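Participant: could you work out the structure for the sequence below:
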Amino acid sequence: MRKKRPHVASPDEVRITRDGDVAIIEYADPDIYITNLKVGPKLADMTDDEVLRLWNDGVEATDQFMREHRHVAVEIPVGKPQIERSEWSGTWVPRGDVLRCVVSDGGPDNEPIVYVDEHELSWTEFGQLLTTNAGWGMRLVFVPDNATHEKPRIIVREPKKEKARKPARKRARA
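Facilitator: Predicted coordinates:
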């Protein structure tokens, strides 16, 4: 089951623990994300009530921002790197909100391989890249591999029965 977004909480709804400069906010409801709130050195002098107030202020500000602002997805221009290695995690992370990529079944045991720019990502590496945006939604739009930079026309309807997708066929390699 998908975890729920955190909400403004009362003291009886959360447990606050500390790990150095980070406050760990854990809701009593296990279906709500556990969050690491980086506070900094002042955390050592803060009470749980002060941490909760800081947390709730952040949740309220995020909720207000989401109500007032329409999300504009940033797409990295063609020819510029869409992903980069994170120094912190050592994994690939997206530089923008849109990824142009091509999927292949050429991995071990037909595991998917995803190509982003010139980088070949295993299914695990691609999954790690996606978790950068954990808690967000995403849409996948499949387009021809030479049109990943174009915004396709989208229609909403059930697929025609005779046009149902078939599993990808192996292409002959020259």
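
Participant: can you list the domain ranges for this protein.
Facilitator: Split into domains by automatic domain parsing, the chain comes to 11-68, 83-163.

Participant: would you single out the least confident of those domains?
Facilitator: The stretch with the lowest mean pLDDT among the domains of the chain is domain 83-163, at a mean of 90.

Participant: how close does R5 get to R67?
Facilitator: Separation of R5 from R67 (Cβ to Cβ, to the nearest Å): 13 Å. (C-beta placed from N, C-alpha, C; glycine too.)

Participant: repeat that for G135.
Facilitator: Distance of G135 to R67, computed by Cβ to Cβ: 17 Å.

Participant: compare the two (neighbour count), which wins?
Facilitator: A count of neighbours by other Cβ atoms under 10 Å puts G135 above the other of G135 and R67, at 12 against 7.

Participant: so that one touches K4, yeah?
Facilitator: No: in terms of Cβ atoms under 8 Å, G135 does not count as a neighbour of K4; the distance is 9.6 Å.

Participant: hang on, the earlier thing: out of the domains of the chain, nearest to E75?
Facilitator: domain 83-163 (3.8 Å; Cβ to Cβ).

Participant: quick check: closest non-adjacent residue to D49.
Facilitator: Nearest residue to D49, sequence neighbours excluded (Cβ to Cβ, 6 or more residues apart in numbering): P11, at 6.8 Å.
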